[in-house]
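Q: Starting from these lines, generate the structure:
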Amino acid sequence: MAYRQYQVEGLTEVYRLLREHQRVLAVLPTGGGKTVIAELVAKHAIQKERSLYFGVHRRELVRQTVARFEAAGLNCGVIMSGDKRVDENAKVQVFSVDTLIRREVPEPDVLLLDEAHNLAKYSKLLSIWGNCKVIGLTATPVGPLHTMYSSMHIISTPSKLIADGYLVDVEAWGLVSPDMTGVATSGEDYQQEGAERVVMEAVDDVVNAWFKRAENLPTLGFAQSVRHSVTLRDRFRDRGVQCEHVDATTPDEERKSIFARFKSGDLPI
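A: Model (predicted):
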C-alpha cells in the first residue's frame, strides 16, 4: 500500500529518538493510522531480524491487527488466551496484554504498545522488561506518561489531518450537562456504579438527539457500561430503529455478522 508522507516521516523521527532514548511515545490522532505505523514497525523489525511484540488491550483489536498484518504479507504469532494461532518462531507477535502478563515469554528486541496511555494495563509489563526498546502509540497522551517514557513525538494533529483532507471535520453537540455531584472517584475516573446511574438517566436524551441530528446516518455508539449499551439498544428498537449491541462476550460469528451488516448499510446503529 502507499503510505502517507506524515506516517513515514513521523516514524523516521521516532527511530531517531530511539537512538537516544529507551522508550518513545508516538502521538497520532484517531484515524491517522496508528495500525499503519505498527505495520511499518513490524516490517522493519522483520527486515532487521529483530523480535517485535505488539500489545493491544482488547481481543477484538488483536484480531483486527493480525488480519491487517497478514494482508500485508507479514507472518505473526498470536499470544491470547483461547487463540490457536501460536507461532513461537515468528519474529512478530501480537498479544493481548491481559494474557501476556500471566505467561513467561522471552523479552523482545522491540515492544510496541497500542493505547499506550493505558498505564494500568502496561506498567507491570514495562517494569518486567527493562532492556527492550519501547514505542508507545496513543491519540491521547494524558496522565503520568513521563514516568514510563522519556521522549515524545507528535506525528500529526487532528487540525493538520483535517486541513490536509485525511480526516473529515467534526460537528459536535452537547446533549445534557450530567450532574456528577456525589459520584465517587477512583484516581482520575468516576466509579462505575455512580457514573452508570447518571448516564442511564440520559438515555432518552441520546435517543431524541439522534432522531433530531443523525437519523438516517450510520451511527456508532460508545456506552459507559454493558447495561447502558443494552438499554440504549432496546430504546432505539422501541422507536423502530434497527440497533445491535456488542461487548467482550459477543460470539465471534455474531460479532462478524453485526459488523458486516453495519458496513453494508443494512444496520443503522
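Q: what's near enough to touch His57?
A: His57 makes contact with Ser96, Val97, Asp98, Asp114, Glu115, Asn118, Lys121, according to CB atoms under 8 Å, 6 or more residues apart in numbering. The C-beta positions use only the backbone N, C-alpha and C, and glycine is treated the same way.
Q: Can you say which of the residues you listed are buried?
A: Ser96, Val97, Asp114, Glu115, Asn118, Lys121 (16 or more other CB atoms under 10 Å).
Q: residues contacting the last one?
A: Meaning Lys121. Counting by CB under 8 Å, 6+ apart, Lys121 has contacts His57, Val97, Asp98, Glu115.
Q: what number of residues lie near the closest residue to Trp173 other than its chain neighbours?
A: Using CB to CB, 6 or more residues apart in numbering and skipping residues adjacent in sequence, the residue nearest Trp173 is Arg213, 6.2 Å away. Arg213: 12 surrounding residues under other CB atoms under 10 Å.
Q: So Arg213 sits against Ala172, correct?
A: No: Arg213 is beyond contact range of Ala172, at 10.2 Å (criterion: CB atoms under 8 Å).
Q: can you pull the contacts of the residue nearest to Asp179 when sequence neighbours are not counted?
A: Nearest residue to Asp179 in three dimensions, chain neighbours excluded: Val198, at 6.8 Å (CB to CB, 6+ apart). For Val198, the contacting residues are Pro178, Asp179, Met180, Val183, by CB under 8 Å, 6+ apart.
Q: and these as CSV, adding secondary structure, distance to Tyr3 and neighbour count?
A: Formatted as CSV, these follow (DSSP: H, G, I helix; E, B strand; the rest coil; distance: CB to CB, whole Å; neighbours: other CB atoms under 10 Å):
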residue, secondary structure, distance to Tyr3, neighbour count
Pro178, coil, 41, 14
Asp179, coil, 47, 9
Met180, coil, 43, 12
Val183, coil, 44, 15
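Q: least confident pick among those residues?
A: The lowest pLDDT within these belongs to Pro178, which sits at 79.
Q: For the most centrally placed residue in the chain, which three-state class applies?
A: The chain has Glu115 as the residue nearest its centroid, 5.5 Å off, counting by CA atoms, centre = their mean. The local conformation at Glu115, judged by DSSP: H, G, I helix; E, B strand; the rest coil, is coil.
Q: correct me, but it touches Ala38?
A: No: counting by CB under 8 Å, Ala38 is not a contact partner of Glu115; they are 11.6 Å apart.
Q: list the residues that contact both of the two?
A: Counting by CB under 8 Å, 6+ apart, the residues touching both Glu115 and Ala38 are Leu137.
Q: Would you mind measuring from Lys133 to Leu28?
A: Separation of Lys133 from Leu28 (CB to CB, to the nearest Å): 18 Å.
Q: in the stretch 51-200 of the chain, which spans are strands?
A: 52-56, 76-79, 92-96, 110-113, 133-138, 151-154, 185-186, 189-190 (DSSP state E, counting those that start in this stretch).
Q: Tell me which of the ones you listed approaches Glu244 most closely.
A: strand 52-56 (23.0 Å; CB to CB).
Q: Show me what the closest one is packed against.
A: helix 34-47, helix 59-71, strand 92-96, helix 97-100, strand 110-113 (3 or more CB pairs under 8 Å, 6 or more residues apart in numbering; DSSP states H and E).
Q: So, low pLDDT: which residues of the stretch 151-269 of the chain?
A: Along the stretch 151-269 of the chain, segments meeting pLDDT under 70 span 175-176.
Q: still on that earlier bit, show me which of the contacts of Val198 is closest to Tyr53.
A: Among these, Val183 lies closest to Tyr53 (CB to CB), at 37.5 Å.
Q: Understood, closing this out.
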